[in-house]
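K.L.:
With the sequence up front, the predicted model follows.
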Amino acid sequence: MCEVESVARCWMMDFCFRSVCNSYRDTNREKFNQNMRLYEAIVDSETNLQDDQQRKRTVCCFLSRIMDGKNLEVRYDANARIAPLMSALTVWENLEDTVADAALYERIRRLLFIQCVGVCLEKGNVQLAAETLQWLEKETSLSEKLQRKLSTLVTKNDVYDQLLTSFSYSRLLDSVNTFLDTFLEKYPSDFLLKSAKKVVQAQQERAEGMDSEQELSEAASPSHTAATKVVQARQERAEGMESEQELSEAASQSHTAATKVVQARQERAVSPSHTVNSSTKNKAKVVSSELNLRPKKKLYSTKVVHPWKPETEKKSLRTLRRKSTLNVPRLSFKDHRKQETPQDMPDHPKYKSKRKWTYMEDRHLMAGVKRFGEGKWTKILEEFVFKDRTSVMLKDRWRTMKKHGMVS
């Protein structure tokens, strides 16, 4: 009995894992969180997970961190400095044996390196990007070439840099989907889904069978329906005959009324009063033809009052002289030069005040000298973050720190 229950629990875990993968593909965050909570509740109750279930659990951890990759406020580790993508990088290194394609593994790993820094710059947090780069240098096997590129990216603070556009976050999501497809081909985890599909098909076939039986039962008793149709046809025929009789009576009544109207018109035409009325109507028509019932629109007169003469249109010739826009007096500039007085002098100083060195800048300077040696000020300036500093400033600051015993 215990073995049967363990097999059933494995099926349940596989179903929840497949649901998590499907919701991740659909980028449905709400559904993804629901399926993750259900999967976590089942997996945490198991004490001894099999190897394939352990791999699936690791994949779910990786997917959840990728889903929250751009949310810098979410933390998956005890260390508050580790963002979701930084934690995803650690989980991805644990899946190295699971990924069959080595090129795909390296591509996703490189994308995670770049996006760990790129997401911080996209959110406008340059300081966090610099701290993330330092963490990558210490805790991961970041190549020196990629380290220099990321350091230059942090220094420039350019979100539209070619490195970020070529290795974008959308490309990271596409690469993770490719990995997920290959993983599901090896571990389908769809036994319960296939079984449920068969059950649904069987229920649909059963429902179609019941519908066909009902149609047969209705066809088995046609006599009752035929008798009902005959009665309805007779009733409709009787109603039609009554309507035809009513229509014929109405037509005869309208015919007699029309005959009476014609006779009345003929009698009116013969009477003398009609002749008088007709003569008055003709006179009215003649008068109305001579009058305009509506006023005409008053047009402009075509009469020429002042005829045009060529002599009147002649214009006198004028010589246009361009006026100068600048009226500069021809006097010596020396005599009319304004002498500056002490009151006209600006109050603010000519040069800006010096900005104090911060604690982080001193730390970066000491770390740079420790790595590259004293005198490599340009190299240190390129590798570390110094706001509005030059190599000469770095050299002067190091001399001051040595003078006051701030370095050992």
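P.N.:
All right, it came through fine. Worth saying up front: this structure is predicted, and the values here are computed from it rather than measured. Numbering: from 1, shown residues only.
K.L.:
Moving along the chain from the helix or strand hosting residue 181, name the first helix or strand you hit.
P.N.:
Element membership for residue 181 (DSSP states H and E) is helix 169-186. Sequence order places helix 191-219 as the next helix or strand after helix 169-186, per DSSP H and E.
K.L.:
what residue ranges in the stretch 301-408 of the chain are flagged as low confidence?
P.N.:
Along the stretch 301-408 of the chain, the parts satisfying pLDDT under 70 run over 301-353.
K.L.:
80 - rerun?
P.N.:
Residue ranges of the stretch 301-408 of the chain with pLDDT under 80: 301-354, 408.
K.L.:
what's the answer for the stretch 1-150 of the chain, then?
P.N.:
1-3, 6.
K.L.:
In it, mark out all the helices, start to finish.
P.N.:
2-25, 29-44, 51-67, 84-94, 102-122, 126-139, 144-156 (DSSP state H, counting those that start in this stretch).
K.L.:
How about the second one, which residues are buried there?
P.N.:
Within helix 29-44, the residues that qualify as buried by neighbour count (16 or more other CB atoms under 10 Å) are 32, 35, 36, 38, 39, 40, 43. In this view, the C-beta of every residue, glycine as well, is placed from N, C-alpha and C.
K.L.:
Relative to residue 173, which of those is nearest.
P.N.:
residue 32 (13.1 Å; CB to CB).
K.L.:
okay but that closest one is in contact with residue 25, surely?
P.N.:
No - with contact defined as CB atoms under 8 Å, residue 32 does not reach residue 25; the gap is 9.7 Å.
K.L.:
on that earlier part again, helix 102-122 and the helix holding residue 181, what's the angle between them?
P.N.:
150 degrees (axes from the mean of the first three to the mean of the last three CA atoms, to 10 degrees).
K.L.:
Can you name every helix or strand that helix 169-186 contacts?
P.N.:
Judged by 3 or more CB pairs under 8 Å, 6 or more residues apart in numbering; DSSP states H and E, helix 169-186 is in contact with helix 2-25, helix 51-67, helix 102-122.
K.L.:
Pull it out as PDB, backbone CA atoms only.
P.N.:
Extracted C-alpha coordinates of helix 169-186, given in PDB (Å, rounded to 0.1, in the frame of the first residue of the first chain):
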ATOM      1  CA  TYR A 169      16.600  39.800 -21.300                       C
ATOM      2  CA  SER A 170      14.200  38.600 -23.900                       C
ATOM      3  CA  ARG A 171      17.000  36.500 -25.400                       C
ATOM      4  CA  LEU A 172      17.600  35.000 -22.000                       C
ATOM      5  CA  LEU A 173      13.900  34.000 -21.700                       C
ATOM      6  CA  ASP A 174      14.000  32.400 -25.200                       C
ATOM      7  CA  SER A 175      17.100  30.400 -24.300                       C
ATOM      8  CA  VAL A 176      15.500  29.200 -21.100                       C
ATOM      9  CA  ASN A 177      12.400  28.100 -23.100                       C
ATOM     10  CA  THR A 178      14.800  26.100 -25.400                       C
ATOM     11  CA  PHE A 179      16.300  24.400 -22.300                       C
ATOM     12  CA  LEU A 180      12.800  23.600 -20.900                       C
ATOM     13  CA  ASP A 181      11.700  22.000 -24.200                       C
ATOM     14  CA  THR A 182      14.700  19.600 -24.200                       C
ATOM     15  CA  PHE A 183      14.200  18.800 -20.500                       C
ATOM     16  CA  LEU A 184      10.500  18.000 -21.000                       C
ATOM     17  CA  GLU A 185      11.400  15.700 -23.900                       C
ATOM     18  CA  LYS A 186      13.600  13.700 -21.600                       C
END
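K.L.:
if I look at residue 354, how far off is residue 164?
P.N.:
Going from residue 354 to residue 164 by CB to CB, to the nearest Å gives 35 Å.
K.L.:
These two: which is more packed in?
P.N.:
Each of residue 354 and residue 164 has its neighbours counted (other CB atoms under 10 Å); residue 164 has more, 19 against 7.
K.L.:
circling back to that earlier point, between the helices of the stretch 1-150 of the chain, which one is closest to residue 358.
P.N.:
helix 126-139 (11.3 Å).
K.L.:
Give me the residues contacting that closest one.
P.N.:
The contact list for helix 126-139 (CB atoms under 8 Å, 6 or more residues apart in numbering) reads 72, 81-83, 86, 113, 116-117, 120-121, 142, 147, 150-151, 154, 157, 385.
K.L.:
Please check those residues and keep the buried ones.
P.N.:
For the contacts of helix 126-139, buried by 16+ other CB under 10 Å: 72, 82-83, 86, 113, 116-117, 120-121, 142, 150-151, 154, 385.
K.L.:
Could you check how far the residue nearest to residue 180 when sequence neighbours are not counted is from residue 379?
P.N.:
In space, and not counting its chain neighbours, residue 180 is closest to residue 21: 5.9 Å by CB to CB, 6 or more residues apart in numbering. In this view, residue 21 and residue 379 are 47 Å apart by CB to CB.
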